[in-house]
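Participant: Quick one: sequence plus predicted model below, questions after.
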Amino acid sequence: MRHCRQAHSVTNWGMSEKEIQFRVRVPEDIHAKLSNIAEKNQRSINAEIVSRLRGSLRWDSHDPDEVALFLHSIDRRVDKLEFEVSRALSSLGLQEMPAFSIQHTAKETKVVQKSRKKK
């Protein structure tokens, strides 16, 4: 590989990590967005890119069934929060908000409006 350099750095946990330095060409608008986001997150552009790549790769390495279970657990928590908000709105005499369900499969994710049971 051309334009590559190896370096060692110390991670947040004090462990040494071997790093490879290489050049990447990105469109100007993406660089500007990364720069703004990095500044908001109080880190360098490099640290922002590494953080985003790690997050992206973390999802790629998971079993699709594990991801589906994780997303299902989030959906259940959202249902619980919707119930609590609906109850709070009702106690204030306000109209209920519509309920939605997020359905995940290995091939797709879709948002479906739930039908409310009439009391």
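Facilitator: Arrived safely, thanks for sending. As the structure is a prediction and not an experimental result, all values here were calculated from the model.

Participant: rest of the way, CA atoms for contacts and neighbours
Facilitator: Will do.

Participant: where do the helices sit along the protein?
Facilitator: For the chain, the helices defined by DSSP state H cover 28-40, 45-60, 64-91.

Participant: which helices and strands does the shortest one pack with?
Facilitator: Using 3 or more Cα pairs under 8 Å, 6 or more residues apart in numbering; DSSP states H and E as the contact criterion, the secondary-structure elements in contact with helix 28-40 are helix 45-60.

Participant: so which of the helices of the chain comes closest to Glu17?
Facilitator: Between Glu17 and the helices of the chain, the tightest spacing by Cα to Cα is seen for helix 45-60, at 12.9 Å.

Participant: Make JSON lines out of the helices of the chain and add mean neighbour count, mean pLDDT and distance to Lys18.
Facilitator: Shown next, in JSON lines, are these (neighbours: other Cα atoms under 10 Å; pLDDT from 0 to 100; distance: least, Cα to Cα, whole Å):
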{"stretch": "helix 28-40", "mean neighbour count": "13", "mean pLDDT": "95", "distance to Lys18": "22"}
{"stretch": "helix 45-60", "mean neighbour count": "13", "mean pLDDT": "86", "distance to Lys18": "13"}
{"stretch": "helix 64-91", "mean neighbour count": "14", "mean pLDDT": "84", "distance to Lys18": "29"}
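
Participant: Phe22: which of those is closest?
Facilitator: helix 45-60 (11.2 Å).

Participant: any residues touching that closest one, and which ones?
Facilitator: With contact meaning Cα atoms under 8 Å, 6 or more residues apart in numbering, helix 45-60 is reached by 34-35, 37-39, 67.

Participant: domains for the protein, by residue range?
Facilitator: Domain ranges of the chain: 4-10+17-60, 64-113, per automatic domain parsing.

Participant: which residues touch Lys80?
Facilitator: Neighbours of Lys80 in contact, by Cα under 8 Å, 6+ apart: none.

Participant: please begin residue numbering at 26 from this point
Facilitator: Got it, the first residue is 26 from now on, which makes the last one we talked about Lys105.
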